[in-house]
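Asks: Take a look and give me a structure for this.
(one chain, ligands or ions: 1)
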Amino acid sequence: MHLLAIGTTIKNIILKTESLRIGYRKKQLETVVASGIDIDVAEGELTAVIGINGVGKSTFLRTISGIQPALLGKILINTEAREDIRPQQLARLISLVLTEQPLSKNLSVAELVALGRQPYTNWIGTLSAEDRKMVKKALALVNIEDLHNKKCYELSDGQLQKVLIARALAQDTKMMILDEPTSHLDMYHKAQVLKLLKQLSQQTGKAIIFATHEINLALQLCDKIILMKPSQVIQDVPKQLIQKGHFESIFPSDLIVFDPVTETFRIKT
Ligand SMILES: Nc1ncnc2c1ncn2[C@@H]1O[C@H](COP(=O)(O)OP(=O)(O)OP(=O)(O)O)[C@@H](O)[C@H]1O
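Replies: The predicted structure is shown next:
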């Protein structure tokens, strides 16, 4: 078992990558998006993946979650090589919340959240008492019990995002991966959803990894940050990344600057 010492606490490592290279392969042609990725994520940790548009955040999340193959290197999930894990077992280890995923908005909230139980139900999808209990618990954790009978087409973007998070919780996995969970949300609801992820990582012990453009919020809330730059991918705690000056060079400096004192980006005047 891989363990990580954080202060005096020892935590299980849920995800580890070694010399990982990600990108796309078409016939003989390999397009490398990022390489030399060495990261680890432990239980109960909230980790943000940040970086400019097109740097490879979604490609990274799709690769670690098994939607697309790695070009090179290792991905260990709960100490097992990802390619050795059968799809059914992977679905019990990783839940995914993707943007723009096709979903039937004709379903009620409870029905959509119940889809998270698919890795556990029989082939006709009959819910057991345990499945129903997990759906109820997921709705309660996200604090949306009052929505359970609503149709998904009746929900606001913020409510729908919470329903998708509840579906991932109902899947009862060690790790939850979200790609831009706060896109389309206003400032208040962005903060609300990210705060919810923080609480869930602490309450449930899940490792939660999400891609985001909300750097200011991620710096305040996350245990760790995976910073993707065109030349390298670095993982560290927010304080260390700030102290080492990594945020000063993320964006071209003509428009916005990072203020290490307030730990926020500002428009250049
Ligand atoms: N299916 C694909 N085939 C080939 N190249 C792709 C494919 N999908 C994405 N890319 C390329 O991979 C690179 C990384 O894209 P990716 O979507 O992972 O970036 P991102 O950091 O998530 O971007 P954004 O912040 O804009 O969502 C880009 O150059 C993109 O054009």
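Asks: Packing partners of the strand ranked longest in the chain?
Replies: Taking DSSP state E as the criterion, the chain has its longest strand at strand 9-26. Other elements packing on strand 9-26 under the criterion 3 or more C-beta pairs under 8 Å, 6 or more residues apart in numbering; DSSP states H and E are strand 3-6, strand 29-37, strand 40-42, helix 57-65, strand 72-77, strand 207-211. C-beta here means a position set from N, CA and C on the backbone, and glycine is covered the same way.
Asks: For it, buried residues please.
Replies: Of the residues in strand 9-26, 11-17, 20-23 count as buried by neighbour count, 16 or more other C-beta atoms under 10 Å.
Asks: What residues sit buried inside the longest helix seen in the chain?
Replies: For the chain, the longest helix by residue count, based on DSSP state H, is helix 187-204. Across helix 187-204, burial judged by 16+ other C-beta under 10 Å covers 189-194, 196-198, 200-201, 204.
Asks: who touches that helix?
Replies: By C-beta atoms under 8 Å, 6 or more residues apart in numbering, the surrounding residues in contact with helix 187-204 are 44-46, 141-142, 157-158, 161-162, 165, 169, 176, 178, 181-182, 185, 206-208, 210, 212, 214, 217-218, 221-223.
Asks: taking those residues one by one, which sit in helices?
Replies: Reading helices off the contacts of helix 187-204 with DSSP H, I get 141, 157-158, 161-162, 165, 169, 217-218, 221.
Asks: most neighbours per residue, which of the helices and strands packed on strand 9-26?
Replies: Mean neighbours per residue, mean count of other C-beta atoms under 10 Å, is largest over these for strand 207-211, with a mean of 27.
Asks: what is the rounded mean pLDDT of it?
Replies: Regarding strand 207-211, the rounded mean pLDDT is 98.
Asks: Could you list the paired strands of that strand along with their orientation?
Replies: strand 46-50 (parallel), strand 175-179 (parallel) (DSSP bridges).
Asks: how about those in a markdown table, adding distance to the ligand, mean pLDDT and mean neighbour count?
Replies: Listed next are the strands paired with strand 207-211 as a markdown table, based on distance: least, C-beta to the nearest ligand atom, whole Å; pLDDT from 0 to 100; neighbours: other C-beta atoms under 10 Å:
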| stretch | distance to the ligand | mean pLDDT | mean neighbour count |
| --- | --- | --- | --- |
| strand 46-50 | 8 | 98 | 25 |
| strand 175-179 | 7 | 96 | 24 |
